[in-house]
Every structure is written in C-alpha cells, then in structure tokens.
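**Q** fold the following.
(2 chains)
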Amino acid sequence: MSYRTLLTSLAFAALIGAGLAPGQAVQAQGTANAALSAPDALVKSLSEDVLASIRKDPSLQSGDVARLNALIDEKILPHVNFEKMTRLAVGRGWRDATAEQRQALTREFRTLLVRTYAGAVSAARDYQVQMKPFRTEPTETDVTVRTQAMPARGEPIQLDYRLEKTAAGWKIYDVNVLGVWLVENYRNTFTAEVSRGGIDGLIKSLADRNKALEGKASS
Amino acid sequence: MRVLGALFRLAAALVLAGALAACASIPPGAGANPVDPWEVYNRHMFDFNDRVDRALLKPVAQAYEAVLPEPVRVCINTAFLNLGEPVNAINNLLQGKPSEAMTDICRFAVNSTVGLLGCFDVAAKAGAPRSNEDFGQTLGRWGLAAGPYFVLPLLGPSSVRDTFGRLLDFLDTDPLWYIDHIPTRNILVGTRLVDTRASLLQAEKVLAAAALDTYQFVRDGYLQLRRNLVYDGNPPRLLDPDEDDTPPPEPNSGTPGAADQPAPVPAR
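**A** Numbers count the residues shown, from 1 in each chain, chains lettered A, B, ... in the order given. Got it, this is the predicted structure:
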C-alpha cells in the first residue's frame, strides 16, 4: 500500500516539477496579473489553466515533447524559479559551480523533468484541482500553498507548492506530491554525483540520461 | 500451514538464487548517509527484490492489467482498500483521533453495503475521505523515530520502526488472515498482491526515467512519504541546506584555517 502510494507520488511530484501543473496563465494580461497576485491565487489559476490546455490539446496528451516544451517556455516558466529549484537540489556543490556550470545544471535538470514526465501528461487530463485553506501574513516572502488533485475515480492526491516573493512576483521553486518534495528527493543523488565526479560529473550524468531518454522517445 | 511451508520454501529458494546472483553495484561512500547506515545490505536486497519482481510478480501483474478491463480493476482495488478501513479506525483511535476513527467505521459500513462490497467508494463522494493509517504511523505519532532505512526481503522499502509496524499490522489487523476458508484466503491474498503490483506499473516507468540512482530515489521518497503520513500531510518544515539567498563566505577569505574545516553533515 505505502509502496504504491510512494511510486504514484513520485510520478506526480516530478510531473509537476516539469512545470506541467502550474500551467499556462490566461494570455496577455493574465500572465502579468497572476504574477503579482496572491500566491494561492497564482497556483489556482496556473493549475486550472494548464489542465484546460492539456484537455484541449491531443498532441500534449500523447506526450509530444516539443509541444510540451513550447507550453512550458511560453506559459509556465515565467512563474517557476528553475534556477532556485536546481540550486536547492544540488545543495552545497552549487557554491563551487561556475556560471556556465550552473546554467548547464539548470538546463539539464529541467530537460530531465520534462522528458521523464511527457508520457504522464495524458493521465493529468481527468484531474480537478481543489485549493486547501491558505493563511499567510502580508509580510511573508516564502509560503507553502496546499492543494489536492481529484481524479475522476480513486484517491485525491496531495499537491503542495513552495513559492517565494520576488520583484517579479511570486515564483514556484518546489513541488510536493503526497508528501514527497521534488527538490529533497533529488538532493542526495546530486550530492553523491558531485562528490564522485564533481559538478561536471553531475552535469554529464544528467546529460547522458537525457540523451538516453531522447533515444528511447525517437525510436 | 502447508501453504506457509510452501511459501517459506519458495522464499528460501529465492534467497539462495539471489545470493548466487548477488551483484548489486555498491557506490563508494555507501552507508555514509546517517539515514541509511545499512546501505550496502539494503542495496543488495533492493537489487534482489527487483530480480524477483521482474521474474515473477511483474509479468503476472502485466497480464492482469492486459486481461481485465479498467473498471473491474478499479473495483477490485477499491474493495481491497475498503478491507483496510478497520485498520485505519484502530490506528486513528490509537493516535487519539476518535472522530476520524468514527469516519472510518462509517465508511466501512456504507461502502461494504451501498458500495457493493467496497467496489465503489460512495462514502468519499458523500464527503467522507479515506484516511491512510497503519501501526508504523501510530508508532511515529507516539514519538518513535523512523530509525535506519531498511529494505525488507520481498516486501521492499521500510525502516526499523515501520518494520515493527508492519509486523503488528500483519499479526493483528489484516482482515484477510481472519478468513477461515484457506483456499479463499489464499486467492484473496494473491489477488491483492497482483492488484497492488499492477497499480504500480505506470509509476514505475516514470521512476525508471526520473531517477539517476533508483535505489536512492526510492529510499528518499519512501522516507519523505512516511514522515508526511505520520503528520497526516502537514509535517513541520525541514530546513533546506543553503536555503537562504545570502552568498556563502569565500572559502579562502576570512579566518585562516576555516577552509580546512570538514563540511558539516546535513541534519535530517
């Protein structure tokens, strides 16, 4: 039972980490407004919008990686601090990384998440997102927004987001599904890779994995 | 008893096969993480479980998924979850949550009747969500730490605390073991195992792609998941290392000799 829940949660955690659930804001005026509004309102509009765009786009449902990347670039990325997500996952090693290495890490980590979960998008189609009560002080700059995804049948899935307030609005930097935070789940692996082969070793491991996944997808 | 004997013989044969084929790759530094001092053993057992799974359980689960239509599988899955409601109720009571325990009992009564032997979760539709409790969580609620991570033979990820919890679950509250008609009981236990495995097939594909090191990914996910369950979905936040955005001190500036200090072990 717990093992099943575990694997489901890992799947969904990473799905969201790929930026799929914090979906598209309503175009034009929507993007700017959402970034400036309260963090729970941002999560709500992003979740609903991305689910709507998955529902109406058959190529997304079939796991089209190019379409998915376009969606993320255009609509989701403005609300996700991918660099912070990567920095927290890499942990101490980040300090010693050069600017180029940091860029490479962020790029490869993001690619890994997108490639991995492209195939899981079709499952997200049947979910509804419900917000849980949210209380915060106006002075807070780092908050956790709690939601749950309701499937058509079966158990609801806990889905939480960590956001930080920046000059450009609230940005998501970590996602939790059924209690598993994405960043924390990668940290030990990344730390081990860095201690074995340095920052470049970690970049290479991520890049190799991405190439392998790409080969699998195109064959 | 005959079945138990056969199971033990099967397990012994599998352990032997696993021992002969034992060749999990152990990375340098295994066991250094304070949550996983038994990493070398754990990796071997994880690898062994994986071999057994691929040889036996997974093919059966794939066939099960291919043969039965989805609504039937959902019904079977929901029915087995319904059988877990007494366990939820007992543990909610032990954790000092009588109203949740009452909900579990009502859910069991409603879903077993109106829900056609648990096939449909009508109680959830009526606004009474399922809780997910077991003795491991109860022990955690009582303040017992998880202890070292521990991969169980055939059963998979666990911790010292959760191993005790599972034992109590198994001995006291697993409803299937109260069925006197042995063939029926065995069929149900087997079906439950296959049902659980089949529901993992999709997530397993994602896991295989997402994890650079599957063992570590499963371990850290398991530990996070259990902590979340002990706190019923709202655990106190752990501080991320390097959480703040202040730039770290340059290793070669400041007090002489500071750079020679060993790096602190991250608190878990």
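
**Q** so what's B:Pro34 scoring on pLDDT?
**A** On the pLDDT scale, B:Pro34 is placed at 88.

**Q** now it: how far from A:Asn188?
**A** Distance from B:Pro34 to A:Asn188, counting by Cβ to Cβ, to the nearest Å: 11 Å. For every residue, glycine as well, the C-beta is placed using N, CA and C.

**Q** kindly report the same for A:Leu213.
**A** A:Leu213 is 21 Å from A:Asn188, where distance means Cβ to Cβ.

**Q** so which residues of chain A form strands?
**A** For chain A, applying DSSP state E gives strands covering A:128-131, A:142-150, A:157-166, A:169-177, A:180-181.

**Q** need those in TSV (columns: mean neighbour count and mean pLDDT).
**A** As requested, the strands of chain A are exported to TSV (neighbours: other Cβ atoms under 10 Å in any protein chain shown; pLDDT from 0 to 100):
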stretch	mean neighbour count	mean pLDDT
strand A:128-131	15	88
strand A:142-150	19	90
strand A:157-166	21	90
strand A:169-177	24	89
strand A:180-181	26	88
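
**Q** and B:Leu144, helix, strand or coil?
**A** Assigned by DSSP: H, G, I helix; E, B strand; the rest coil, the conformation of B:Leu144 is coil.

**Q** what about the closest residue to it other than its chain neighbours, which SS state?
**A** Nearest residue to B:Leu144, sequence neighbours excluded (Cβ to Cβ, 6 or more residues apart in numbering or on different chains): B:Arg161, at 5.2 Å. Following three-state DSSP, B:Arg161 is assigned to helix.

**Q** next, the contact list for B:Arg161, please.
**A** Residues in contact with B:Arg161 (Cβ atoms under 8 Å, 6 or more residues apart in numbering or on different chains) are B:136, B:139-140, B:144-147.

**Q** what about whichever residue of the stretch 101-250 of chain B sits closest to chain A, which helix or strand?
**A** Proximity of the stretch 101-250 of chain B to chain A (Cβ to the nearest Cβ) peaks at B:Asn228, 2.3 Å away. B:Asn228 is part of helix B:214-230, with elements assigned from DSSP states H and E.

**Q** give me the angle between that helix and strand A:169-177.
**A** Helix B:214-230 and strand A:169-177 are oriented at 100 degrees to each other (axes from the mean of the first three to the mean of the last three Cα atoms, to 10 degrees).

**Q** taking strand A:157-166 as reference, get the angle to helix B:214-230.
**A** Interaxial angle of helix B:214-230 relative to strand A:157-166 (the same axes, to 10 degrees): 90 degrees.

**Q** coming back round to it: list the contacts for the residue of the stretch 101-250 of chain B closest to chain A?
**A** Counting by Cβ under 8 Å, 6+ apart, B:Asn228 touches A:158, A:178-180, B:235.

**Q** any chance of the residues you listed in CSV, plus distance to B:Gln62?
**A** Putting these into CSV (distance: Cβ to Cβ, whole Å) gives the following:
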residue, distance to B:Gln62
A:Gln158, 29
A:Leu178, 24
A:Gly179, 28
A:Val180, 26
B:Pro235, 35
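
**Q** out of those, flag the one nearest to B:Ala126.
**A** Comparing the contacts of B:Asn228 against B:Ala126 with Cβ to Cβ places A:Gln158 closest, at 20.7 Å.

**Q** wait, that closest one touches A:Val145, no?
**A** No - the pair A:Gln158 / A:Val145 is not scored as a contact, 12.0 Å apart, by Cβ atoms under 8 Å.

**Q** tell me where the model's unsure across the chain.
**A** Assuming you mean chain A. The model of chain A has pLDDT under 70 over residues A:1-37, A:117, A:119-120, A:122, A:216-219.

**Q** to clarify, I was referring to chain B.
**A** Residues of chain B meeting the criterion pLDDT under 70: B:1-23, B:239-268.

**Q** for it, which segments count as strands?
**A** Counting by DSSP E, the strands of chain B are B:149-152, B:156-159.

**Q** so in that sheet, which strands flank the first one, and in what orientation?
**A** Pointing back at strand B:149-152 there. Within its sheet, strand B:149-152 is paired with strand B:156-159 (antiparallel), according to DSSP bridges.

**Q** quick one: residues in contact with the partner strand.
**A** A:3, A:6, B:46, B:49, B:136, B:146-152, B:166, B:218-219, B:222-223, B:226.

**Q** quick one, longest helix in chain A?
**A** helix A:182-218 (DSSP state H).

**Q** can you mark which positions in that helix are buried?
**A** Buried residues in helix A:182-218, counting neighbours by 16 or more other Cβ atoms under 10 Å in any protein chain shown, are found at A:182-195, A:199, A:202-203, A:205-206, A:209-210, A:213.

**Q** equivalent analysis for stretch B:206-215, please.
**A** Per 16+ other Cβ under 10 Å, stretch B:206-215 contains these buried residues: B:206-207, B:209-215.

**Q** re earlier: drop anything exposed from the contacts of B:Arg161.
**A** Buried subset of the contacts of B:Arg161 (neighbour count, 16+ other Cβ under 10 Å): B:136, B:139-140, B:146.

**Q** just put these in TSV and tack on distance to A:Ala152.
**A** What follows is these, written out as TSV (distance: Cβ to Cβ, whole Å):
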residue	distance to A:Ala152
B:Gly136	30
B:Leu139	35
B:Gly140	32
B:Ala146	34
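
**Q** quick one: contacts of stretch B:132-143?
**A** Stretch B:132-143 is contacted from outside by A:1-2, A:5, B:87-88, B:91-92, B:94-95, B:146, B:159, B:161-162, B:164-166, B:168-169, B:172-173, B:226-227, B:229-230, using Cβ under 8 Å, 6+ apart.

**Q** still on that earlier bit, and of the strands of chain A, who's closest to chain B?
**A** Here strand A:180-181 is closest among the strands of chain A (Cβ to the nearest Cβ), at 4.6 Å.

**Q** and that closest one, which strands flank it?
**A** strand A:169-177 (antiparallel).

**Q** the strand it pairs with vs helix A:182-218, what angle?
**A** 80 degrees.

**Q** quick one, phi/psi of the closest residue to B:Tyr149 other than its chain neighbours?
**A** Leaving aside its chain neighbours, B:Tyr149 sits nearest to B:Asp36 (4.5 Å; criterion: Cβ to Cβ, 6+ apart). Per-residue torsions, B:Asp36: phi -140, psi 60 (degrees, to the nearest 10).

**Q** count of residues packed around B:Asp36?
**A** Using other Cβ atoms under 10 Å in any protein chain shown, B:Asp36 is surrounded by 23 other residues.

**Q** now for it: which residues touch it?
**A** B:42, B:148-149, B:219.

**Q** I'd like these as JSON lines, with neighbour count appended.
**A** Shown next, in JSON lines, are the contacts of B:Asp36 (neighbours: other Cβ atoms under 10 Å in any protein chain shown):
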{"residue": "B:Asn42", "neighbour count": "23"}
{"residue": "B:Pro148", "neighbour count": "17"}
{"residue": "B:Tyr149", "neighbour count": "22"}
{"residue": "B:Arg219", "neighbour count": "25"}
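
**Q** ok, so of those residues, who is nearest A:Phe109?
**A** Checking these against A:Phe109 by Cβ to Cβ gives B:Arg219 as the nearest, at 19.9 Å.

**Q** nearest to chain B: which residue in chain A?
**A** For chain A, the residue closest to chain B is A:Gly179, as judged by Cβ to the nearest Cβ, at 2.3 Å.

**Q** list the contacts for that residue?
**A** A:9, A:158, B:224-225, B:227-229, B:233, B:235.
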